[in-house]
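Asks: Compute the structure for the input listed below.
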Amino acid sequence: MSFNYLIEIDEIDTGILVREGGAYAFHAVDARVQALDGAVFPSAPAAERAVRRFLRERAGPRPVRWAGTPRREIGDWAGSMLSGATPGLVAAPHGR
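Replies: Alright, predicted model coming up:
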């Protein structure tokens, strides 16, 4: 029976936990958490909490996700730049 666990934060593999006796050793897979490599935790949930806390405190803000934002074609950006409009902003039609 295997006692290895993958820790995934925001859909990114960050490390592997390997059970050693009654504890879990963390092995970093993501360079952002390399400082935690070799750390030992009493449980898998404790390790995941520590990794989340580490990323929140030391790695700065999470990247902004633009889910739901429509894709723009290169021509859209070029046209808005040539017309003097601010890229990403769309003027609403009058009367709305």
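
Asks: okay, CA-based contacts and neighbour counts for the rest of this
Replies: OK.

Asks: Can you tell me how far Ala44 is from Tyr24?
Replies: To Tyr24, Ala44 is 7 Å away according to CA to CA, to the nearest Å.

Asks: which residues do these two both contact?
Replies: Counting by CA atoms under 8 Å, 6 or more residues apart in numbering, the shared contacts of Ala44 and Tyr24 are Leu17.

Asks: which residues in the protein form strands?
Replies: Along the chain, counting by DSSP state E, strands occupy 4-9, 12-20, 23-28, 40-41.

Asks: which one of these lies closest to Glu48?
Replies: strand 4-9 (6.5 Å; CA to CA).

Asks: Rounded mean pLDDT for that closest one, please.
Replies: For strand 4-9, the mean pLDDT works out to 90.

Asks: tell me the contacts of Gly15?
Replies: 6-8, 26-30.

Asks: Which among these count as buried?
Replies: 6-7, 26-29 (16 or more other CA atoms under 10 Å).

Asks: what's the helix ranked longest in the chain in contact with?
Replies: Secondary structure of the chain read by DSSP state H shows that its longest helix is helix 44-58. With contacts defined as CA under 8 Å, 6+ apart, helix 44-58 is touched by 5, 7, 9, 17, 24, 26, 32-33, 36, 41, 62.

Asks: likewise stretch 20-30?
Replies: So stretch 20-30 is contacted by 13-19, 34, 36-44, 47 (CA under 8 Å, 6+ apart).

Asks: what distance separates the start and the end of it?
Replies: 21 Å.

Asks: State the mean pLDDT of that stretch.
Replies: Mean predicted confidence for stretch 20-30 is 93.

Asks: same check, this time on stretch 36-45
Replies: Mean pLDDT, stretch 36-45: 95.

Asks: can you pull the buried residues of that stretch?
Replies: Within stretch 36-45, the residues that count as buried by 16+ other CA under 10 Å are 36-37, 40-41, 44.

Asks: Only alpha carbons, please: show it as PDB.
Replies: Taking C-alpha atoms only, stretch 36-45 is exported to PDB below (Å, rounded to 0.1, in the frame of the first residue of the first chain):
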ATOM      1  CA  LEU A  36       9.700  23.700   2.100                       C
ATOM      2  CA  ASP A  37      11.500  20.700   0.500                       C
ATOM      3  CA  GLY A  38      12.300  18.200   3.200                       C
ATOM      4  CA  ALA A  39       9.900  19.600   5.800                       C
ATOM      5  CA  VAL A  40       8.100  17.000   7.900                       C
ATOM      6  CA  PHE A  41       4.400  17.300   8.800                       C
ATOM      7  CA  PRO A  42       2.200  15.300  11.200                       C
ATOM      8  CA  SER A  43      -0.500  14.800   8.600                       C
ATOM      9  CA  ALA A  44      -1.300  15.300   4.900                       C
ATOM     10  CA  PRO A  45      -3.900  18.100   5.700                       C
END
